[in-house]
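Enquirer: Mind folding the following:
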Amino acid sequence: MRTLNVKWEGERCALYDGATLLLHAPWQAFDEMARALWRVARGETKAEHSGGIRFESDGRMEVILIGKWSSACPVGGFERLAHALHSAARAAESTNGKVLAQQAADTALMARAGLPFGFSDNPRVRDEAAKIAATDTTLRKAMPFPVAAAIPGVPRVRHISNVAALKLLHAQNEQMRKDLHG
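Expert: Reported below is the predicted structural model:
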């Protein structure tokens with residue numbers, strides 16, 4: 001059985017078969033490959049071509065073709081590979097200076113607008129956003145609102161798998177609707 005490894009190096013990602021380098025590309029290409037894999041894994045299409053790689057599925061086996069190299073895996077392997085490609089792309093993106101600067105500028109705008117969340121949990125991005133929000137004259141003139149003392153990070157979505165908790169939330173929502181509409 002083959003083991004594929006996905007690594008990120010700076011702003012680029014690499015796909016290895018053991019010690020053999022199969023593909024080395026920018027993080028954006030790996031992110032697009034992950035999307036193509038998810039489309040095939042979900043059954044939205046039987047085959048996708050992205051970044052020089054062809055992904056195929058017949059419902060029983062999933063096949064990856066890179067040039068003359070190929071590998072087959074049981075159904076479900078594409079989901080795991082897509083997750084690995086996406087994670088590597090996000091990790092590589094987080095080292096991209098342009099992306100970090102844009103996240104800081106967008107988070108500063110959110111802080112000036114008084115919204116209680118940002119676009120990054122990276123402390124350096126939040127510190128830079130706080131500086132921009134406090135010192136950028138164009139932003140201060142456009143939004144003369146006070147800035148929060150601390151720039152918050154990215155909100156987390158909690159997954160509720162407990163049926164009883166879901167029923168309780170549904171009952172609370174129904175009660176609020178009745179209270180609002182009489």
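Enquirer: average pLDDT for the helix or strand that contains residue 107?
Expert: Per DSSP states H and E: residue 107 is located in helix 97-113. pLDDT averaged over helix 97-113 equals 85, rounded to a whole number.
Enquirer: which residues touch that helix?
Expert: Contact partners of helix 97-113, identified using Cβ atoms under 8 Å, 6 or more residues apart in numbering, comprise 93-94, 117-120, 122, 124-126, 128-130, 132-133, 136, 139-140, 142-143, 145, 147-148, 151. Placement of C-beta: from N, CA and C, glycine included.
Enquirer: how distant is that helix from the center of its chain?
Expert: The chain centroid and the centroid of helix 97-113 are separated by 17 Å under Cα atoms, centre = their mean, to the nearest Å.
Enquirer: Show me what whichever helix or strand comes after that helix is packed up against.
Expert: Using DSSP H and E, the helix or strand that directly follows helix 97-113 along the chain is helix 123-135. Here helix 123-135 touches helix 97-113, going by 3 or more Cβ pairs under 8 Å, 6 or more residues apart in numbering; DSSP states H and E.
Enquirer: Check which residues of the helix it packs on are buried.
Expert: Using 16 or more other Cβ atoms under 10 Å as the test for burial, helix 97-113 gives 99, 100, 103, 104, 105, 106, 107, 108, 109, 110, 111, 112.
Enquirer: Just want the angle from that helix to helix 123-135.
Expert: With axes from the mean of the first three to the mean of the last three Cα atoms, to 10 degrees as the basis, helix 97-113 and helix 123-135 are set at 50 degrees to each other.
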